[in-house]
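**Q** turn this into a structure:
(one chain, ligands or ions: 1)
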Amino acid sequence: MIRLSAITPSGHVQLGNHLGAVRRWAREGTPSDVYFISDMHAMTTPHNPARLRSLTAEQLAVLIAAGVAPESVCVQSDLVRELGALTWVLECTCTYGEAARMTQFKEKSVGRSSVRLSLLTYPVLMAADILLQNAAEVPVGEDQQQHVELARALARRFNRTYGEVFTLPKAVLPPAGARIKDLADPTKKMAKSARDSAGTVFVLDPPDLVRRKIRKAVTSPEGVANLVDVLVACTGKEPEDYADRFAELKDVVADAVIEELRPVRERTTELLGDRAELDRIRATGAERARSRAQHTLDAALRLSGLT
Ligand code: AMP
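**A** This is a model prediction of the structure:
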């Protein structure tokens, strides 16, 4: 059974990505899974090409450094031709109404005078990501569940209309508590692209900066609950284990986060200094993903009357 998930290089990897996604891919993933950097998805809103390229390399290094199996990692655009071809076939399977109904499209496009067409169509590219790799399970947050359901609907429609080729994927939601909140505004989730980085701990932040950000965390009830969530996620212990240290909660949390992130930060720095190794991992991952995709792509093109 193949599981597939991704991270978008729209900013630096933050603590929520680490605890809610990347660390789980490292712990629970198998070498047959696919974990990729979705650089093409980062282009659906205005982007800077040089920053996109550098964030892609950085995120690839962070995934490997966090312990995700190198064989299961790849970069989306290394399959740009295969994905482009399958996206077209799936766009010819999807209706305009289905794409325009996506909640995320409505939310992100509302009130904007200029919206990239790709913001409307990217769920179809996401369907291609999933179907090309024959993924059966797609672990995602609630915000992406609708997109995985679209991928499933397109797979089913294609299979019925032209012939069986795609595995029907299903979304798998993470267990509760996998939503780390912004330290400065715990009503929002921690995000890479937050406007003010004071509430976001980035995986590559140096320890003193991590400590400063945590010391400044708001201490409303939601803020404290979030700090406790982070502590429990980092240490694997129960909140009661810290009952006598609650007065120094922020220092305890800072220590735990710094220790959790230290090996990832150190290994990422090493990998980014050894570009040959990073390029080798990337090329191997691309080759593997491409060869796995070939049969499905060829069959989908042939069944739809192309090639
Ligand atoms: P993104 O690149 O934003 O799509 O996120 C990559 C992964 O990180 C997805 O599986 C998200 O659900 C997860 N993620 C992002 N932010 C958080 C957060 N604050 N808490 C927990 N998980 C998160």
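**Q** name the surrounding residues that touch the helix or strand encompassing R212.
**A** R212 is part of helix 207-215 when elements are defined by DSSP states H and E. Applying C-beta atoms under 8 Å, 6 or more residues apart in numbering, the set of residues contacting helix 207-215 from outside is 183, 198-201, 205, 227, 250-251, 253-254, 257-258, 261-262. The C-beta positions use only the backbone N, C-alpha and C, and glycine is treated the same way.
**Q** need the three-state assignment for A184.
**A** Using DSSP: H, G, I helix; E, B strand; the rest coil, the structure places A184 in coil.
**Q** circling back to that earlier point, and the contacts of helix 207-215, which are buried?
**A** With neighbours counted by 16 or more other C-beta atoms under 10 Å, the contacts of helix 207-215 contain buried members at 183, 199-201, 205, 227, 250, 253-254, 257-258, 261.
**Q** farthest pair in those?
**A** With C-beta to C-beta as the measure, no two of the buried ones among the contacts of helix 207-215 lie farther apart than G199 and I258, at 17.3 Å.
**Q** up against the ligand, what does the stretch 151-300 of the chain have?
**A** When proximity is defined as C-beta under 6 Å from any ligand atom, the stretch 151-300 of the chain approaches the ligand at 178-180, 189-191.
**Q** and with 8 Å instead?
**A** Taking C-beta under 8 Å from any ligand atom as the test, the list of the stretch 151-300 of the chain residues beside the ligand reads 174, 178-182, 189-192.
**Q** try the stretch 1-150 of the chain
**A** That would be 5-10, 14-17, 19-22, 38, 41, 139-141, 143-144, which are the residues of the stretch 1-150 of the chain within reach of the ligand (C-beta under 8 Å from any ligand atom).
**Q** mind giving me the PyMOL command for buried ones among those residues?
**A** One line in PyMOL is enough to select the buried members of those, burial here meaning 16+ other C-beta under 10 Å:
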select buried, resi 5+6+7+8+9+10+14+15+16+17+19+20+21+22+38+41+139+140+144
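**Q** go through the contacts of helix 207-215 and say which is closest to T45.
**A** For T45, the nearest member of the contacts of helix 207-215 is T200. The distance, counting by C-beta to C-beta, is 18.2 Å.
**Q** so the closest one touches M190, yeah?
**A** Yes - using C-beta atoms under 8 Å, T200 is in contact with M190, at 5.4 Å.
**Q** who touches both of these two?
**A** When contacts are counted by C-beta under 8 Å, 6+ apart, the set common to T200 and M190 consists of 14-15, 182-183.
**Q** next, format the residues you listed as a markdown table and append pLDDT.
**A** Below are the shared contacts of T200 and M190 laid out as a markdown table (pLDDT from 0 to 100):
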| residue | pLDDT |
| --- | --- |
| Q14 | 97 |
| L15 | 97 |
| D182 | 96 |
| L183 | 97 |
